[in-house]
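> got a structure for you, letters missing:
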């Protein structure tokens, strides 16, 4: 009985530590590309979209509420699709392979900053690109 309890505790401790770690971008892209079911692909697409939404909200908060420079300056009327975000991530990882080892959220910010740079001394996401 004690062994069974110890195994359960070990199992839960492994699950909780794994749940806190964010997948690197290369692994995320590979999981998306190798997903064999539509549901698996949709789950991964949802992760990508929700991460992008969160980053977008943080960007808007910096710009609108705090009156600080945004992380990146995506045109206001542009709505990125999952495929466009994946393409941006793929191009950046291809150009900078070390970026593939970074957590996918951080890699997304780095890639978005490069694709949608802000003009110097601008706090507005409406700058022309």
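Structure received. Keep in mind that this is a model prediction, so the values were computed, not measured. Residues are numbered from 1 along each chain as shown.

> isn't residue 68 right next to residue 59, touching?
No - contact between residue 68 and residue 59 fails when scored by Cβ atoms under 8 Å: they sit 10.2 Å apart. Every residue, glycine included, has its C-beta placed from N, CA and C.

> Of these two, give the one with the bigger neighbour count.
Legend: neighbour count by other Cβ atoms under 10 Å for residue 68 and residue 59, higher for residue 59 (20 against 11).

> if I pick the more buried one, what's in contact with it?
Applying Cβ atoms under 8 Å, 6 or more residues apart in numbering, we find residue 59 in contact with 70-72, 74, 125.

> for this protein, which residue is closest to the average position?
residue 105 (3.0 Å; Cα atoms, centre = their mean).

> Next secondary structure element downstream of the longest helix anywhere in the chain?
Looking across the chain with DSSP state H, the single longest helix is helix 38-60. Sequence-wise, the next helix or strand downstream of helix 38-60 (DSSP states H and E) is helix 82-95.

> what's the angle between that following helix and helix 38-60?
Helix 82-95 runs at 80 degrees relative to helix 38-60, counting by axes from the mean of the first three to the mean of the last three Cα atoms, to 10 degrees.

> what's in contact with helix 82-95?
For helix 82-95, contacts defined as Cβ under 8 Å, 6+ apart pick out 25-26, 29, 32, 45, 48-49, 52, 80, 99-100, 104, 107-108, 110-112, 114-115.

> Residue ranges in the chain under the pLDDT threshold?
Filtered on pLDDT under 70, the chain yields the residue ranges 1-20, 121-129.
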